[in-house]
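1. Next comes the sequence, and after it the predicted model I'd like to discuss.
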Amino acid sequence: MTVHLTSFGPGKVILLGEHGVVYGQPALAAPISRGVRAWAVPSTRCSVEVPGGLSAEHAATLERAFARAAKVTGRPKVLVTLESDLPVSMGLGSSAALSVAVARVLLEAKGARPATRKQVEAVALEMEKAFHGTPSGVDHTTSARGELVLFRRGSAKVVRSPIPVRVLVAIVGERPSTKATVGALRERQARWPERYGRLFREIGRLAREGAEAVSGGDLESLGDLMNVNQGLLNAAGLSSEGLEAMVYRLRRFGALGAKLTGAGGDGGAVLGLFREPEPLVARLKREGVTCFVSQLAGPRAL
């Protein structure tokens, strides 16, 4: 290989169905404009340059994940470097974005041709296992496909919209590990299985209704479903004072719907569905909120 190879893995958000995937329910998930870019250049061995600023634990996990990807791709002799504009551990799929970017660049370095989606998903899953143990699959599948999907374990159906579906993503702050939040939920679910079974079946129905709303270009219905979903997530103990404050703040500024995305807990990110979110971004940034706009589906302006 005499030229540099580059690839991109987008982050992701869950529009509807948060946590339902873990309990066999569908989720409506979409890639976002921010993510992780990977470059590969010829080298004497297959290796990754660990980005500066990572904790020792995160750096070690990244190296273990990369070693798995290198093994299944035949260890092409390249040095991979990474660049991310995604905040880490905010529920935006940063590890999956990294996994997809690395999978693509290693596969193309080995095969000298564009990798297939299935190949990328298989290698990215190996990396996600190093990051999360038993990942649901929604993060890396959404990132690899690059389109809004109705995801259920074992399947992902692309959902298209006749109009733009655009969200404002607001960062609330640091949050506990996904493992801690999910573990606490699992304990409650094991103690009251019928109650939580009903709750997650309803969350799954919201995701299916959301796919229909997107296909029909009905943003008002999609926003209402997001609001209902947030109420159920709060009832499940997955929200917090900070997340709720941002949800209501975005609704107050005209969001058609707003909800947390990711594992939840004391921090993370909130989505607000707007027809025109840009004016609010400038205002929130002046008020010290880290936020950005991403289009999740629909036709894009030329």
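-> That came through fine.
2. C-alpha from now on. contacts and neighbour counts both.
-> Fine.
3. low-scoring pLDDT stretches of the stretch 51-200 of the chain, where are they?
-> Counting by pLDDT under 70, the stretch 51-200 of the chain shows low-confidence ranges at 112, 175-179.
4. Regarding residue 127, what is its secondary structure?
-> helix (DSSP: H, G, I helix; E, B strand; the rest coil).
5. so it touches residue 102, yeah?
-> No. The pair residue 127 / residue 102 is not scored as a contact, 9.1 Å apart, by Cα atoms under 8 Å.
6. list the residues that contact both of those two?
-> Common neighbours of residue 127 and residue 102 (criterion: Cα atoms under 8 Å, 6 or more residues apart in numbering): 66, 69.
7. neighbour count winner among the two?
-> The residue with more neighbours, out of residue 127 and residue 102, is residue 102; 33 against 30, by other Cα atoms under 10 Å.
8. so that one is in which element?
-> Assigning secondary structure by DSSP states H and E places residue 102 in helix 94-111.
9. Report the beta-bridge partners for the closest residue to residue 247 other than its chain neighbours.
-> Sequence neighbours aside, residue 258 is the residue nearest to residue 247 in space, at 5.4 Å (criterion: Cα to Cα, 6 or more residues apart in numbering). Legend: beta-bridge partners of residue 258 under DSSP bridges are residue 272.
10. so what's residue 258 up against?
-> Neighbouring residues of residue 258 by Cα under 8 Å, 6+ apart: 223, 226-227, 230, 247-248, 250-251, 270-273.
11. Report the secondary structure element holding the residue nearest to residue 72 when sequence neighbours are not counted.
-> Setting aside the residues directly before and after it, residue 72 is nearest to residue 123 in space (Cα to Cα, 6+ apart), at 7.0 Å. Using DSSP H and E, residue 123 sits in helix 117-132.
12. ok, and what's touching that helix?
-> In this structure, residues lying in contact with helix 117-132 by Cα under 8 Å, 6+ apart are 61-62, 64-66, 68-69, 72-73, 95-96, 99-100, 102-104, 107, 135, 137, 140-141, 144-145.
13. quick one: buried residues of that helix?
-> Buried residues in helix 117-132, counted by 16 or more other Cα atoms under 10 Å: 120-128, 130-131.
14. per-residue confidence at residue 3?
-> Note on residue 3: pLDDT of 48.
15. Next: the one 4 residues further on.
-> Residue 7 carries a pLDDT score of 93 in this model.
16. Next up, the contacts around it.
-> Applying Cα under 8 Å, 6+ apart, we find residue 7 in contact with 37-39, 101-102, 104-105.
17. returning to what we had before: quick one, which of the contacts of helix 117-132 are buried?
-> Those of the contacts of helix 117-132 that meet the buried threshold are 61-62, 65-66, 68-69, 73, 95-96, 99-100, 102-104, 107, 135, 137, 140-141, 144-145, by 16+ other Cα under 10 Å.
18. returning to what we had before: distance to residue 4 added to the contacts of residue 7, as TSV?
-> Formatted as TSV, the contacts of residue 7 follow (distance: Cα to Cα, whole Å):
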residue	distance to residue 4
37	13
38	10
39	7
101	14
102	14
104	13
105	10
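19. out of those, who has the most neighbours?
-> Neighbour max across the contacts of residue 7 (other Cα under 10 Å) = residue 102, 33 neighbours.
20. Can you classify the nearest residue to that residue once chain neighbours are set aside by secondary structure?
-> Using Cα to Cα, 6+ apart and skipping the chain neighbours, the partner closest in space to residue 102 is residue 38 (6.0 Å). Secondary structure, three-state DSSP: residue 38 is strand.
21. From residue 30, how far out is residue 38?
-> For residue 38, the distance to residue 30 equals 21 Å [Cα to Cα, to the nearest Å].
22. try residue 227
-> On the measure of Cα to Cα, residue 227 and residue 30 end up 18 Å apart.
23. who has more neighbours, those two?
-> The neighbour count for residue 227 versus residue 30, taken as other Cα under 10 Å, is higher for residue 30 (30 against 23).
24. so the helix or strand where that one lies versus helix 94-111, what angle?
-> Using DSSP H and E, residue 30 sits in strand 27-42. Put simply, strand 27-42 runs at 40 degrees to helix 94-111, going by axes from the mean of the first three to the mean of the last three Cα atoms, to 10 degrees.
25. by contact count, what packs against the helix or strand following strand 27-42?
-> Next along the chain after strand 27-42, taking DSSP H and E as the criterion, comes strand 47-48. Strand 47-48 sits against helix 56-72, strand 78-84, with contacts defined as 3 or more Cα pairs under 8 Å, 6 or more residues apart in numbering; DSSP states H and E.
26. This completes my enquiry, with thanks.
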